[in-house]
Structure formats: structure tokens, C-alpha cells
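Asks: Provide a 3D model corresponding to the input given below.
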Amino acid sequence: MSGGRVLVYGYGNPGRQDDGLGPRLAEEIEKLGFPKVETDENYQLQIEDAAEIANYDLIVFADAAAAGTEPFSVKRLEPALNVSFTTHSVPPESVLAICRDHFGKSPDAVLIGVRGYEFDIQEGLTHKALLNLKHACDFIILLLGEMKGKIMDKSEQKMILIIDDDSDLRAAMRIVLEASGFTVGEAASGDEGFKIAERIKPDAVIVDLMMETVDAGSKVSTKLKDSGYKGPIFLLSAAGDTVRYNIDARELGLAGIFQKPIDHKVLVTTLKKQLKMT
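Replies: As a prediction, the model looks like this:
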């Protein structure tokens, strides 16, 4: 992911409660004054936006999500194969395609979908949406900060394997870890994760506790250790203190447990410390 000019583009209607999450996110990032980071906001994306995004290396689109992952979801965007739009809006993938086809530029792009709950004609974000907005802003701040930091030589990069059946969670972790200089592998199940681990030999493994079975993560951890894997293994759990009280991390050979929703700053800091990275 490029470390050059960045545009944070929030879109949505602030007059429809939580639909204003995208513009509000752009406003919050603008206040921070990151160098080489600019912001824009509108009610919806338009064809003309393709000309603007051609001037940047990374576009962070931000929009409200009426359903799905809390507090927010993240996905990497690619230009659409077929451009589509209505008189009211243009999908971000289509804006990227127009940018590529007419301006010869293909900036990196991600979409942050901040979870909202109320979309009636009324100004002001709901309390829960505001909490989600803070988490999304913290993620972008970390992402931008890591991008502006030291660019790691490829010979020094560490490989992290993420094993989790939640594709949104994997996408968010991948984006911030890659911005931090890691390379990332993914698997959607315990069995797949074990096979990939044997093939790519990761420097660290992050595995969800509950996937195809309620204890899939602990089984993968044990299987990896029994096969001779020496790297640190971290468990992901949404079960709170129950996991800490009922799972002996040392007995399973775990380096630690990350709580969902994951604190990405803690994730990056912990991995760098564990792998003795500067």
C-alpha cells in the first residue's frame, strides 16, 4: 500500500441520522492535520470524483453501513469490471474504474463501512453510531500513522497467518498489518489454516477460537505445536473473560489472547514486540 498522498472521502446524508457517518468521519480526520492527507465529503459519489481521486495514491472511502460488522468493516477495493451508476449515486468501484480508464491512474483504495442504526430524516448521529465512529477513526489514524512510518525492507518482513471465518475481520487486520510492514496470509477454517501454515511457514499465527467448531482455534494451536511449529500463536476470542478464566494459554502454547472487537493498535504493537521488530 502506497505511502504517498491520501484522500479520505466520506459520503452520506447528514440529514438522515447515521447516514452522516461518512462525512463526519472525514471531518474528524481533517481535524488531525496529517501531512499529505486531505479529506472530502459529499451526499454520494459522482462520476466527476474520478478526476479528483486520480491525484492520490490511496483513497479511504467512508460510508455508513445499515447492517453487518460492528463497529465497522473494512475491505480493499478494485476497479469494477463494468462501470455502473444511477442518477443518484456511483459505487466506489465504478469511480475507480473511471479513474483508471480515463485518467490512467489506479490508486489503492479501501472502504470503511461504519455501522449505523437509525436513518430517519433527522440530523445527528445516534449514541451507538458515535462509538462506532470513534473505533473507525482510531483504525484510520493507526493506518495512516503506520504508512508514514518506516518502510521495511522485504528481507526483514515478517509473515503473519490469520485464521478466521470472518472475512471482514481478516480484511481489516490484513490492511493494517500490511501498512505496518508485515506480509499476511489468510485462511477461513482451522483445517485450511493448518495446511497453509505448513506451506508458508509464518512467523506468527492468529487464530479464532470458534470457527467450524466451538474449540477449533485451540485444536489448531495444539496441532501446530505438535507438528513442530515454533512461532508465537495468538488466539482471537469474542467470549470475554470466560476464555481467560477457562483456557490456560501457556498449556496450549499460546503467546496471548486478542479480544474481539480487536484493538488494531494493540495488535500491531504486540506483534512487533513479540517478533522483536523495531
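Asks: switch to C-alpha atoms for all contacts and neighbour counts from now on
Replies: Fine.
Asks: any idea which helix or strand comes after the longest helix along the chain?
Replies: Longest helix in the chain, counting residues (DSSP state H): helix 127-147. Using DSSP states H and E, the helix or strand that follows helix 127-147 towards the C-terminus is strand 159-163.
Asks: Return the helix or strand that comes right after that following strand as CSV; C-alpha atoms alone will do.
Replies: Under the assignment DSSP H and E, the closest C-terminal helix or strand after strand 159-163 is helix 167-179. C-alpha atoms of helix 167-179 as CSV (Å, rounded to 0.1, in the frame of the first residue of the first chain):
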residue,chain,number,x,y,z
SER,A,167,-13.8,-12.3,6.1
ASP,A,168,-14.4,-8.7,7.3
LEU,A,169,-12.2,-9.2,10.3
ARG,A,170,-9.5,-10.7,8.2
ALA,A,171,-9.7,-7.8,5.7
ALA,A,172,-9.3,-5.2,8.5
MET,A,173,-6.4,-7.0,10.1
ARG,A,174,-4.6,-7.5,6.7
ILE,A,175,-4.9,-3.9,5.7
VAL,A,176,-3.4,-2.5,8.9
LEU,A,177,-0.7,-5.2,9.2
GLU,A,178,0.4,-4.7,5.6
ALA,A,179,0.6,-0.9,6.2
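Asks: what's the average pLDDT for the longest helix of the chain?
Replies: Mean pLDDT, helix 127-147: 94.
Asks: Check which helices and strands it sits against.
Replies: Helix 127-147 sits against helix 21-32, strand 72-76, strand 108-115, helix 167-179, helix 264-274, with contacts defined as 3 or more C-alpha pairs under 8 Å, 6 or more residues apart in numbering; DSSP states H and E.
Asks: hmm, try it at 10 Å
Replies: helix 21-32, strand 58-65, strand 72-76, strand 108-115, helix 167-179, helix 264-274 (3 or more C-alpha pairs under 10 Å, 6 or more residues apart in numbering; DSSP states H and E).
Asks: What is the end-to-end distance of stretch 25-45?
Replies: 15 Å (C-alpha to C-alpha, to the nearest Å).
Asks: roughly how far is that stretch from the heart of the chain?
Replies: 18 Å (C-alpha atoms, centre = their mean, to the nearest Å).
Asks: And stretch 132-149, by the same measure?
Replies: 10 Å.
Asks: buried stuff in that stretch?
Replies: For stretch 132-149, burial by neighbour count (16 or more other C-alpha atoms under 10 Å) applies to 132-144, 146-148.
Asks: ditto for stretch 42-55
Replies: Y43, Q44, L45, Q46, I47, D49, A50, A51, I53, A54, N55.
Asks: got TSV for the residues you listed, with secondary structure, distance to S167 and pLDDT too?
Replies: Formatted as TSV, the buried residues of stretch 42-55 follow (DSSP: H, G, I helix; E, B strand; the rest coil; distance: C-alpha to C-alpha, whole Å; pLDDT from 0 to 100):
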residue	secondary structure	distance to S167	pLDDT
Y43	coil	28	95
Q44	coil	26	94
L45	coil	25	94
Q46	coil	28	92
I47	coil	29	91
D49	helix	29	95
A50	helix	28	95
A51	helix	31	96
I53	helix	27	97
A54	coil	29	97
N55	coil	30	96
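Asks: what about the nearest residue to E178 once chain neighbours are set aside, which SS state?
Replies: Leaving aside its chain neighbours, E178 sits nearest to V184 (6.9 Å; criterion: C-alpha to C-alpha, 6 or more residues apart in numbering). Under DSSP: H, G, I helix; E, B strand; the rest coil, the three-state class of V184 is strand.
Asks: tell me the pLDDT at V184?
Replies: Reading off the model, V184 has pLDDT 96.
Asks: V266 now?
Replies: 94.
Asks: Is it correct that C137 is in contact with E28?
Replies: Yes. When contacts are counted by C-alpha atoms under 10 Å, C137 is listed as touching E28 (7.5 Å).
Asks: Distance of the residue of the chain most remote from its centre relative to T213?
Replies: The centre of the chain is farthest from one residue, D226, which by C-alpha atoms, centre = their mean lies 31.5 Å away. Using C-alpha to C-alpha, D226 is found at 20 Å from T213.
Asks: Next: H127.
Replies: 35 Å.
Asks: and the protein, what are its domains?
Replies: 6-147, 154-274 (automatic domain parsing).
Asks: and the ones you listed, which one's lowest on average pLDDT?
Replies: Among the domains of the chain, domain 154-274 scores lowest, at a mean of 87.
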